[in-house]
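[1] dropping the sequence and predicted coords here.
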Amino acid sequence: MYQLRLAARSASPIGRSRNRRPDIKDMKFYVRTYGCQMNVADSNEIGRHLKAKGLVETQDPQDASIYLVNTCTVRQHAEDRAFSEIGRLGRWKAKRPGRKVVVSGCAAERTKEYLEDRFPFIDLVVGAKSIENFNEIAGRLLDRRATDEDLDYAVPAVNEKVAAFVTSMRGCNYSCTYCIVPYVRGREIYHSIDQILAEVRDRVSEGAREITLLGQTVNSYRHGQHRFADLLRAVAGIDGVERIRFISPHPYYMTDRVIETMATVPQVCESLHLPVQSGSNTMLKSMMRNYTREHYIALAGKMRQAVPDMTLSTDIIVGFPGETEEDFRQTLSLVEELQFDWGFVFKYSAREGTPAAELECLPQQLIEERHQRCLELVDRIALKKRLDLVGTIQDVLIEELGVGRTRTNYKVHVRREAQARQGAASINEAQARAERKPARSASPIGRSLKRRAQPQEKAAASSNIIHGDQVRVRITNAQRATLEGEVYNGNLAFENFREEDCRAGTCPDRQ
Ligand code: SAM
Ligand code: SF4
């Protein structure tokens with residue numbers, strides 16, 4: 001589950017015409033997102049459309065005029081949670097005249113009529129296939145509202161996220177027998193490279209330094225002559241992009257060109273989330289995944305050889321119909337053999353309309369037991385891997401105060417006391433500095449560590465670290481899901497030591 005943050009208000013009007021007659025004033029919207037990163041990206045896109053129309057995002061539902069629930073239907077549990085939230089919105093809406101409830105996403109696509117029947121107070125249902133048309137649909141929603149001509153209208157916010165999602169393709173051409181996604185999101189469509197790069201530039205100009213390309217089978221990307229490896233290289237060529245990730249790749253499209261690109265393009269991070277689903281060939285066949293256990297293991301080996309420090313994570317489904325104890329043990333043995341850095345273990349959830357939903361389900365208690373056993377194994381290995389990192393030095397891109405990520409995609413809590421030992425100012429002071437921080441550098445060339453420090457970063461080196469900074473962190477502790485660390489030898493600016501700077505007396509190390 002993901003909740004959009006309140007973005008800072010900008011002083012400059014973006015995406016609006018000065019001559020347009022204001023018809024929306026002080027309408028705020030609140031977004032609740034369920035499900036995967038694709039849904040987060042869709043929520044961001046919807047938010048951008050609403051902001052361009054003059055609405056402001058809020059984190060407080062009581063402050064909002066529009067409440068948007070972006071739903072997920074991949075598993076029953078996610079759908080149930082969204083529906084129970086929607087159920088509570090009848091009272092929310094009744095509290096203030098003019099409030100609107102909008103339901104979007106995959107569950108909205110699958111159950112539109114049911115939603116409209118069960119929750120008649122919903123103003124708009126936007127299925128996942130229609131997200132790209134949200135602008136036009138939202139226009140209709142807002143036009144129904146009485147205008148408030150006396151008041152000025154809201155200024156769109158600026159998204160200051162350091163790590164941004166960019167959708168490169170939608171839909172899925174696969175037919176994994178358990179999966180509802182192809183039904184609710186439709187067949188694959190690919191955005192053109194130009195469109196993707198334009199969006200990357202927008203996100204960078206808003207403050208992003210890390211771009212995650214999104215698609216259900218993101219590496220099946222094709223547009224004209226371009227394939228996924230070309231897209232990675234093109235994104236790496238954009239000034240300001242320091243890190244690139246992508247999710248979810250499919251094993252079938254992890255081609256030699258993609259592997260070579262990961263190994264050689266410095267901005268592409270050393271981290272791969274490659275869903276395997278099962279370690280049993282019988283199950284993989286029944287799921288209609290078009291690879292075998294042996295193929296996956298060979299691919300993982302090839303990847304690790306090409307990108308030695310890479311973290312490898314995965315998705316696993318346990319309790320798929322027909323899964324025997326032996327099939328399940330094959331999954332456990334695959335996890336042991338590949339030593340995934342982390343993994344998501346899902347209990348099989350029958351989705352109406354999918355081929356697997358026709359098959360006889362395993363007893364729920366058995367599914368629960370296998371889930372527990374698999375989770376314990378995955379977590380035990382993950383913790384061991386994290387503990388192995390204690391004492392190492394990692395490059396961490398700070399995403400919010402005191403929290404960042406390694407290139408290998410570990411979340412790191414950077415200890416405040418350590419910042420203080422580095423001569424840091426108080427957290428409040430750091431926040432104030434963050435607000436004053438000017439637009440960031442437009443020219444990282446090559447690996448981010450080799451990037452020349454910009455003046456504001458040099459200043460940061462001698463005081464505190466703020467979001468968007470890259471810092472070297474010594475890992476001091478490992479938790480189940482995160483790492484802890486302390487700033488090591490100051491800000492990345494120290495890494496950019498150049499002799500001529502020192503001769504000129506401008507070396508940050510000497511100041
Ligand atoms: N497209 C990605 C791929 O092929 O690997 C996965 C996208 S899917 C939205 C995310 C994960 O949800 C899958 O990798 C799978 O493990 C899980 N999943 C999908 N359908 C499921 C179901 N019916 N029951 C349990 N888990 C499911
Ligand atoms: Fe679902 Fe399979 Fe498509 Fe992934 S590849 S979205 S699991 S159908």
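    Ah, there it is. Keep in mind it's a predicted model, so treat the numbers as computed, not measured. Numbers count the residues shown, from 1 in each chain. Ligands and ions are numbered 1, 2, ... in the order given.

[2] please count neighbours and contacts with C-alpha atoms only from this point.
    OK.

[3] which residues of the protein score low on pLDDT?
    Scanning the chain for pLDDT under 70 picks out 1-25, 143-160, 416-464, 489-511.

[4] which positions in it make contact with ligand 2?
    Residues of the chain lying close to ligand 2 by C-alpha under 6 Å from any ligand atom are C172, Y174, S175, C176, C179, V181, P182, Q216, T217.

[5] can you count the residues close to the nearest residue to I238 once chain neighbours are set aside?
    Residue nearest to I238 in three dimensions, not counting chain neighbours: R201, with 7.1 Å by C-alpha to C-alpha, 6 or more residues apart in numbering. The tally of other residues near R201 (other C-alpha atoms under 10 Å) stands at 18.

[6] not counting its own residues, what contacts the strand or helix carrying R201?
    Using DSSP states H and E, R201 maps to helix 193-205. Residues outside helix 193-205 that contact it (C-alpha atoms under 8 Å, 6 or more residues apart in numbering) are 159, 164, 166-168, 211, 223, 226, 231, 234-235, 238, 240-241, 439.

[7] next structured bit after that helix?
    Once helix 193-205 ends, the next helix or strand along the chain (criterion: DSSP H and E) is strand 210-214.

[8] which SSE is immediately downstream of that following strand?
    As assigned by DSSP H and E, the chain's next helix or strand after strand 210-214 is strand 222-223.

[9] in its sheet, what does that next one sit against?
    Strand pairing for strand 222-223, using DSSP bridges, gives strand 226-227 (antiparallel).

[10] next secondary structure element downstream of the strand it pairs with?
    helix 228-236.

[11] take that next one, keep the C-alpha atoms, and write them as CSV.
    Extracted in CSV, the C-alpha atoms of helix 228-236 (Å, rounded to 0.1, in the frame of the first residue of the first chain):
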residue,chain,number,x,y,z
PHE,A,228,14.6,-2.5,-24.1
ALA,A,229,18.4,-2.2,-24.1
ASP,A,230,18.1,0.8,-26.4
LEU,A,231,15.7,2.4,-24.0
LEU,A,232,18.0,1.9,-21.1
ARG,A,233,20.8,3.5,-22.9
ALA,A,234,18.6,6.4,-24.1
VAL,A,235,17.5,7.1,-20.5
ALA,A,236,21.1,7.0,-19.3
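
[12] could you tell me the angle between that helix and strand 210-214?
    Orientation check (axes from the mean of the first three to the mean of the last three C-alpha atoms, to 10 degrees): helix 228-236 against strand 210-214 gives 150 degrees.

[13] close to ligand 1, is the helix or strand following helix 228-236?
    Per DSSP H and E, the first helix or strand lying C-terminal to helix 228-236 is strand 243-247. No - between strand 243-247 and ligand 1, judged by C-alpha under 6 Å from any ligand atom, nothing touches; the nearest distance is 8.1 Å.

[14] just how off-centre is strand 243-247 within its chain?
    9 Å (C-alpha atoms, centre = their mean, to the nearest Å).

[15] for stretch 255-267, same thing?
    21 Å.

[16] export the helix holding R201 to PDB, keeping only CA atoms.
    What follows is helix 193-205, C-alpha atoms only, in PDB (Å, rounded to 0.1, in the frame of the first residue of the first chain):
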ATOM      1  CA  ILE A 193      11.200   6.500 -26.800                       C
ATOM      2  CA  ASP A 194      10.600  10.200 -27.300                       C
ATOM      3  CA  GLN A 195       7.600  10.200 -25.000                       C
ATOM      4  CA  ILE A 196       9.500   8.300 -22.300                       C
ATOM      5  CA  LEU A 197      12.500  10.500 -22.600                       C
ATOM      6  CA  ALA A 198      10.300  13.600 -22.400                       C
ATOM      7  CA  GLU A 199       8.800  12.300 -19.200                       C
ATOM      8  CA  VAL A 200      12.200  11.400 -17.800                       C
ATOM      9  CA  ARG A 201      13.300  15.000 -18.400                       C
ATOM     10  CA  ASP A 202      10.200  16.300 -16.700                       C
ATOM     11  CA  ARG A 203      10.800  14.200 -13.600                       C
ATOM     12  CA  VAL A 204      14.500  15.200 -13.600                       C
ATOM     13  CA  SER A 205      13.500  18.900 -13.800                       C
END
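
[17] what residues of it count as buried?
    I193, I196, L197, E199, V200, R201, R203, V204, S205 (16 or more other C-alpha atoms under 10 Å).

[18] and for stretch 214-232?
    For stretch 214-232, the neighbour count (16+ other C-alpha under 10 Å) marks 214-222, 227-232 as buried.

[19] check stretch 305-323 too.
    Buried-residue list, stretch 305-323, by 16+ other C-alpha under 10 Å: 306-307, 310-314, 316-321, 323.

[20] for the stretch 401-511 of the chain, which residue gets nearest to ligand 1?
    N409 (18.0 Å; C-alpha to the nearest ligand atom).

[21] which secondary structure state does that residue sit in?
    Look at N409: counting by DSSP: H, G, I helix; E, B strand; the rest coil, its state is coil.

[22] list the beta-bridge partners for the closest residue in space to it that isn't next to it in sequence.
    With C-alpha to C-alpha, 6+ apart as the criterion, N409 has its nearest non-adjacent residue at 6.4 Å, and that residue is S271. Beta-bridge partners recorded for S271 (DSSP bridges): T311.
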